[in-house]
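Novice: Need a 3D model of the following:
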Amino acid sequence: MSKPASPVLIVAKEVSVRFGEQVVLRGATLAVHQGDRVGLIGNNGSGKSTLLKIIAGIMQPDAGTVSRRRNIVTGYLSQDFQLDPALSVYENIVEGAHDVMDILREYESLPFTSQRRHQLESLIRHRDGWNLNNRIEAAMHSLNVPAKDRDISTLSGGEKRRVALCKAIISRPDLLILDEPTNHLDTQSIEWTEEFLANYSGACLFVTHDRYSLDSIATRIVELANGTCYSHDGNYTDFLLDKAERESQMETEERKRNRFLQRELEWVRKGPRARRTKSKSRLQKYFEEADKKGHEPEGEVELIIPAAAELGSKILNLKDVGIALGGVKLFGGVSLDFDRKRKLGVIGRNGLGKTTLLKIILGELSATEGQVEIGEKTLINYVDQSRVALNDEKTVVQEIGDGRDWLLFDGERLTVWKYLRRFLFDDDRMNTFVGKLSGGERSRLLLAKVLKNGGNFLILDEPTNDLDLSTLRILEEALAAFDGCVIAVSHDRYFLNRVCNGILAFEGNGYVHFSEGDYDYYLEKRNARLAAAAPQSVVPAKREGSAKPKSTKLKWKEAKELETIEQDISRAEAEVRRIEGIFSSQDFYETHGDRTAQLAKDLTAARGTVDRLYERWHELEELRSGTKSG
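Specialist: As a prediction, this is how the structure comes out:
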């Protein structure tokens with residue numbers, strides 16, 4: 001017995017959109033039901049953002065209809081979101097709940113006996129309006145949004161996206177429509193967003209290229225290909241299995257169709273004597289099949305990285321590198337010697353110094369401590385995070401050709417047009433100005449521009465931003481096969497696992513840790529490292545017959561403190577876990593919503609207590625063992 005469908009919130013039926021000669025949507029149909037978590041995927045330029053705008057009511061289709069449930073409330077985060085520069089961070093976020101604020105103001109203005117007041121009270125409860133301020137505080141804290149009074153013009157691109165995401169979700173709409181919500185977010189914020197959306201009481205329609213997010217959030221995947229929607233129940237892994245089966249079936253049908261056409265063509269060529277009874281209908285069927293558009297596999301980027309020039313014995317060495325900005329130490333003690341085929345993933349929360357380290361390596365910033373040694377044969381190519389290396393006033397062809405019609409790529413002479421087709425630019429897009437390209441097209445163009453120059457050491461700052469899933473896969477395969485070195489700053493956990501054989505983690509408080517292996521291996525070792533740092537794990541058991549450790553360097557008061565500090569640490573860690581459990585509870589807003597600000601302060605204080613106790617414990621242990629002077 002099939003599971004009954006939940007109520008429909010919105011249906012886009014037979015929607016078509018054309019931009020000039022380009023057909024973006026071709027009879028696309030998509031329905032979103034109550035409680036759905038729909039992940040919309042497809043190649044860049046397939047029309048995902050266009051379809052989202054139509055469903056959000058921002059844009060009208062050329063043909064087709066959109067039906068919405070009466071009084072439905074939607075929240076929308078676009079790729080090209082706009083924040084009001086005249087408002088502060090907090091004022092921009094509150095603007096996202098202006099309709100809830102209007103309801104609250106109207107409710108407070110009405111007399112107690114008003115029938116309208118009772119109607120509004122029910123609506124406020126549905127929208128969780130009583131807890132609005134607390135929800136704003138919780139979202140700002142979890143998404144690491146900048147300070148409330150910050151000027152929007154002073155924010156980075158990633159900070160603005162966190163503000164825009166917070167603005168989109170705080171009104172608790174019936175349907176959240178999110179276009180790349182995790183772009184430019186750090187891993188911690190991405191994981192919070194995943195948990196928020198997975199537990200969200202309304203429905204969600206979202207576009208993302210983060211495959212871990214698609215696996216953990218989506219209950220249905222809708223693929224947009226050739227202007228048409230294909231729906232698959234389940235998450236991204238389920239979709240991959242379904243798609244492989246669908247592609248196999250379509251290829252089988254195409255082979256059958258081609259065999260039929262071949263047989264009928266032979267019959268047609270036999271001449272008039274073969275055309276007796278029913279020949280007219282047979283010919284008609286042949287021409288009908290011949291006129292049909294056969295199955296065409298989706299285009300993919302033919303991303304080939306030129307073979308790396310030979311590296312020398314010295315490639316790149318970091319020797320205790322650190323930097324202080326504005327008198328504040330950002331990080332220090334970064335030491336790493338690169339060997340051949342090192343693929344290094346650089347991870348950590350935003351603002352800890354990842355891009356700063358890249359600039360030090362590139363010579364754009366000077367380290368305040370330590371040094372960077374670059375081998376004579378090391379040729380660095382850099383893909384920058386902001387994509388500022390592209391000239392918006394040039395066409396795609398001009399940007400790549402630099403005034404020439406051909407280029408040398410890996411020893412092969414290619415026309416600019418042939419080279420660009422490898423990156424899925426058709427003839428029309430090649431003559432488009434760079435400033436008119438989508439985010440994904442800009443990413444592909446920048447990769448094309450950088451990779452044509454070769455080099456044996458690639459530095460990539462957030463290379464996966466704006467790339468579609470098929471291009472991501474091709475990029476990962478190309479980087480894994482590249483016989484030079486790679487440094488990639490990324491929050492894409494899937495990418496880090498497929499490409500990297502070393503992780504450099506910015507873990508906070510200026511500390512940077514290197515781990516061999518991929519991202520999952522780093523997490524495993526990090527958890528083991530944290531467990532080993534706990535007092536009960538690091539204090540060695542007394543061996544039979546071993547001498548009692550000397551404690552002559554400890555004063556009586558310090559010795560008594562050392563006896564009890566492990567219990568103090570355990571209690572402090574338990575308090576941190578307790579408060580974190582409150583924040584992650586599903587009924588947080590209903591049960592604890594009015595205490596959000598205080599709980600956030602308590603959590604900060606509890607974490608600070610743990611850090612202080614660990615520092616004191618290490619200090620006492622050093623005194624006891626005689627490794628530190630009293």
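Novice: In the chain, what helix or strand scores lowest on average pLDDT?
Specialist: Lowest mean confidence among the helices and strands of the chain (mean pLDDT, DSSP states H and E): helix 535-538, at a mean of 50.
Novice: List the buried residues of whichever helix or strand comes after it.
Specialist: Going down the chain from helix 535-538, the next helix or strand is helix 556-584, by DSSP states H and E. Neighbour-count burial for helix 556-584, counted by 16 or more other Cβ atoms under 10 Å, picks out 558, 562, 565, 568-569, 572-573, 575-576, 579, 582-583. Every C-beta, even on glycine, is put in place using the N, C-alpha and C of the backbone.
Novice: Can you name the residues that contact Gln188?
Specialist: Contacts for Gln188 were tallied using Cβ atoms under 8 Å, 6 or more residues apart in numbering; they are 144, 349.
Novice: And it, how far from Glu621?
Specialist: Using Cβ to Cβ, to the nearest Å, Gln188 is found at 30 Å from Glu621.
Novice: Kindly report the same for Val434.
Specialist: Taking Cβ to Cβ, one finds Val434 at 59 Å from Glu621.
Novice: what's the answer for Leu344, then?
Specialist: As judged by Cβ to Cβ, Leu344 and Glu621 stand 33 Å apart.
Novice: How about Arg105?
Specialist: Going from Arg105 to Glu621 by Cβ to Cβ gives 59 Å.
Novice: In terms of neighbours, single out the busier of these two.
Specialist: The neighbour comparison of Arg105 against Glu621 (other Cβ atoms under 10 Å) goes to Glu621, with 18 against 9.
Novice: What segments of the stretch 251-400 of the chain are helices?
Specialist: When assigned using DSSP state H, counting those that start in this stretch, the helices of the stretch 251-400 of the chain occupy the ranges 279-291, 354-362, 396-401.
Novice: in stretch 96-107, what's buried?
Specialist: Going by 16+ other Cβ under 10 Å, stretch 96-107 has these buried residues: 96-97, 100, 103-104, 107.
Novice: Neighbours of the closest residue to Lys329 other than its chain neighbours, how many?
Specialist: Nearest residue to Lys329, sequence neighbours excluded (Cβ to Cβ, 6 or more residues apart in numbering): Gly510, at 5.4 Å. By the criterion of other Cβ under 10 Å, Gly510 has 17 neighbours.
Novice: Also Leu155?
Specialist: 17.
Novice: Excluding sequence neighbours, find me the nearest residue to it.
Specialist: Nearest one to Leu155, counting by Cβ to Cβ, 6+ apart, is Pro146 at 6.0 Å.
Novice: so who does that neighbour touch?
Specialist: Taking Cβ under 8 Å, 6+ apart, one finds 89, 155, 159, 162-163 in contact with Pro146.
Novice: now do 6 Å
Specialist: 89, 155, 159 (Cβ atoms under 6 Å, 6 or more residues apart in numbering).
Novice: Same check on Leu83?
Specialist: Applying Cβ under 6 Å, 6+ apart, the residues contacting Leu83 are 92, 152, 160.
Novice: Ala478 versus that one, what's the distance?
Specialist: 36 Å.
Novice: Could you report the pLDDT at the nearest residue to Phe482 once chain neighbours are set aside?
Specialist: Among residues not flanking Phe482 along the chain, Ile305 sits closest, at 4.9 Å (Cβ to Cβ, 6+ apart). pLDDT, Ile305: 71.
Novice: hmm, which of the contacts of Leu83 are the buried ones?
Specialist: Counted by 16+ other Cβ under 10 Å, the contacts of Leu83 give 92, 152, 160 as buried.
Novice: Reformat those residues as JSON lines; add pLDDT, secondary structure and distance to Ala605.
Specialist: Below are the buried ones among the contacts of Leu83 laid out as JSON lines (pLDDT from 0 to 100; DSSP: H, G, I helix; E, B strand; the rest coil; distance: Cβ to Cβ, whole Å):
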{"residue": "Asn92", "pLDDT": "93", "secondary structure": "helix", "distance to Ala605": "29"}
{"residue": "Ile152", "pLDDT": "91", "secondary structure": "helix", "distance to Ala605": "30"}
{"residue": "Lys160", "pLDDT": "87", "secondary structure": "helix", "distance to Ala605": "30"}
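Novice: got the angle for the helix or strand harbouring Ile136 vs helix 556-584?
Specialist: Following DSSP H and E, the helix or strand that holds Ile136 is helix 132-142. Interaxial angle of helix 132-142 relative to helix 556-584 (axes from the mean of the first three to the mean of the last three Cα atoms, to 10 degrees): 120 degrees.
Novice: Quick check: which ranges of the stretch 1-150 of the chain have low pLDDT?
Specialist: 1-5 (pLDDT under 70).
Novice: returning to that earlier point: tell me the one of the buried residues of helix 556-584 nearest Leu460?
Specialist: Nearest to Leu460 among the buried residues of helix 556-584 is Phe583, at 33.9 Å by Cβ to Cβ.
Novice: Which per-residue confidence value corresponds to the closest one?
Specialist: 62.
Novice: Gly35 contacts Pro7, correct?
Specialist: No. Here Gly35 lies out of contact with Pro7, judged by Cβ atoms under 6 Å, at a distance of 8.9 Å.
Novice: between those two, which one's more packed in?
Specialist: Gly35 (14 against 9).
Novice: what sits against the more buried one?
Specialist: Gly35 is in contact with 6, 203, counting by Cβ under 6 Å, 6+ apart.
Novice: change it to 10 Å
Specialist: By Cβ atoms under 10 Å, 6 or more residues apart in numbering, Gly35 lies in contact with 6-7, 9, 200-204, 219.
Novice: Could you say which helix or strand holds the closest residue to His141 other than its chain neighbours?
Specialist: Counting by Cβ to Cβ, 6+ apart, His141 lies nearest to Ala600, which is 5.0 Å off, once chain neighbours are set aside. Using DSSP H and E, Ala600 sits within helix 596-625.
Novice: How about Pro61, nearest residue that isn't a chain neighbour?
Specialist: Val15 (4.5 Å).
Novice: so the one you found makes contact with Leu51?
Specialist: Yes. Between Val15 and Leu51 a contact is recorded at 7.1 Å, counting by Cβ atoms under 10 Å.
Novice: Run through who's touching whatever helix or strand Ile124 lives in.
Specialist: Ile124 is part of helix 115-126, with elements assigned from DSSP H and E. Helix 115-126 has contacts (Cβ under 10 Å, 6+ apart) with 71, 73, 99-100, 103-104, 106-112, 114, 129-132, 172, 174, 201.
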